[in-house]
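Asks: test case, fold it:
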Amino acid sequence: MEVVAPEELARAKSSLANAQAALAGAQAQREAARALGSERPVGQNPAVQQAAAQFKLAYRNLKRTTIVSPVDGTVGQRSVQIGQQVGPGVPLMSVVQLRQVWVEANFKEGQLRHMRVGQPVRLESDLYGARVTYHGRVEGFSAGTGSAFSMLPSQNAAGNWIKVVQRLPVVISLEPSELAAHPLRVGLSMRATVQTKARGGHLLDGDAPLPAQRTRVHEMHAGEAEAAAEAVIRANDGGQ
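Replies: All right, here's what the predicted structure looks like:
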């Protein structure tokens, strides 16, 4: 016969009570899980919904490992090399839409007096010479001169004034048919002659801005991920 100290007996009873409470809690959780599973479809289970969200995110990330250009164009600057490992946010290359290029002509401020939006422009490129003439249109004017937006803007804190003629960038659009017949590249030199006879347009203003371009190249991945997740749920719903 073994004698147990009152303190040890109290600890044993306390441990037994804790174990019984834990067992009762586990049984209650089991019954709740059974009731939840019997009353709700598998797809509405919170744990399944969380797993489906993680699955769809992983599916989209996998699909986007194949990088597709959102626009048609030509690779103008490539920084990635074959075999190089890259991550999200790393610039790989620049794609230039050569069918939608424009000319930025830097005119002296004194030449802008009679210049208006919508005036016709004749342009020549050093690439083709005088044998090819482009026809364009004044689309708008820059918000500031080239020196105002330079890395080191000119300062006159001492008050010594020396007149420096400023130049303002003028945006000129090109005829798409002429651009298709004689393609241009970014950075080429152009000579522009603006016909300022018609002065009905706006001075130092532009037309309504064009809407920002958007791509739908990744929208199909969301639908594919949703369909794949639903297929996995149906395959594991146990016939419900």
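Asks: mind checking how far His179 is from Leu127?
Replies: Not His; residue 179 is Leu. Relative to Leu127, Leu179 is positioned 12 Å away (C-beta to C-beta, to the nearest Å). (C-beta placed from N, C-alpha, C; glycine too.)
Asks: which one of these two is surrounded by more residues?
Replies: Leu179 (18 against 13; other C-beta atoms under 10 Å).
Asks: tell me the bridge partners for Val96.
Replies: Thr74 (DSSP bridges).
Asks: show the pLDDT at it.
Replies: Looking at Val96, its pLDDT stands at 86.
Asks: again, but for the one 10 residues further on
Replies: Here the pLDDT value assigned to Asn106 is 92.
Asks: ditto for Ser177
Replies: Confidence for Ser177, expressed as pLDDT, is 93.
Asks: now for it, how many residues are close by?
Replies: Ser177, neighbours per other C-beta under 10 Å, totals 8.
Asks: secondary structure element for it?
Replies: Using DSSP states H and E, Ser177 sits within helix 176-181.
Asks: what packs against that helix?
Replies: Packing contacts for helix 176-181, counted by 3 or more C-beta pairs under 8 Å, 6 or more residues apart in numbering; DSSP states H and E, involve strand 129-141.
Asks: the strand it packs on pairs with which strands?
Replies: strand 120-125 (antiparallel), strand 167-174 (antiparallel).
Asks: check contacts around the closest residue in space to Ala229 that isn't next to it in sequence.
Replies: Here the nearest residue to Ala229 in space, its sequence neighbours aside, is Ala52; by C-beta to C-beta, 6 or more residues apart in numbering that works out to 4.5 Å. Neighbouring residues of Ala52 by C-beta atoms under 8 Å, 6 or more residues apart in numbering: 43, 229, 232-233.
Asks: can you tell me the SS state at Ala52?
Replies: Assigned with DSSP: H, G, I helix; E, B strand; the rest coil, Ala52 falls in the helix class.
Asks: wouldn't Ala229 be in contact with Ala58 here?
Replies: No - using C-beta atoms under 8 Å, Ala229 makes no contact with Ala58, being 10.2 Å away.
Asks: higher neighbour count, those two?
Replies: Per other C-beta under 10 Å, whichever of Ala229 and Ala58 has more neighbours is Ala229, with 20 against 11.
Asks: partner strands of the helix or strand following the helix holding Ser177, parallel or antiparallel?
Replies: As assigned by DSSP H and E, the chain's next helix or strand after helix 176-181 is strand 190-194. When pairs are called by DSSP bridges, strand 190-194 turns out to pair with strand 120-125 (antiparallel).
Asks: residues of the partner strand that come out buried?
Replies: Of all the residues in strand 120-125, those buried under the rule 16 or more other C-beta atoms under 10 Å are 121, 123-125.
Asks: let's have the residues you listed in a markdown table, adding pLDDT.
Replies: Listed next are these as a markdown table, based on pLDDT from 0 to 100:
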| residue | pLDDT |
| --- | --- |
| Val121 | 95 |
| Leu123 | 95 |
| Glu124 | 95 |
| Ser125 | 94 |
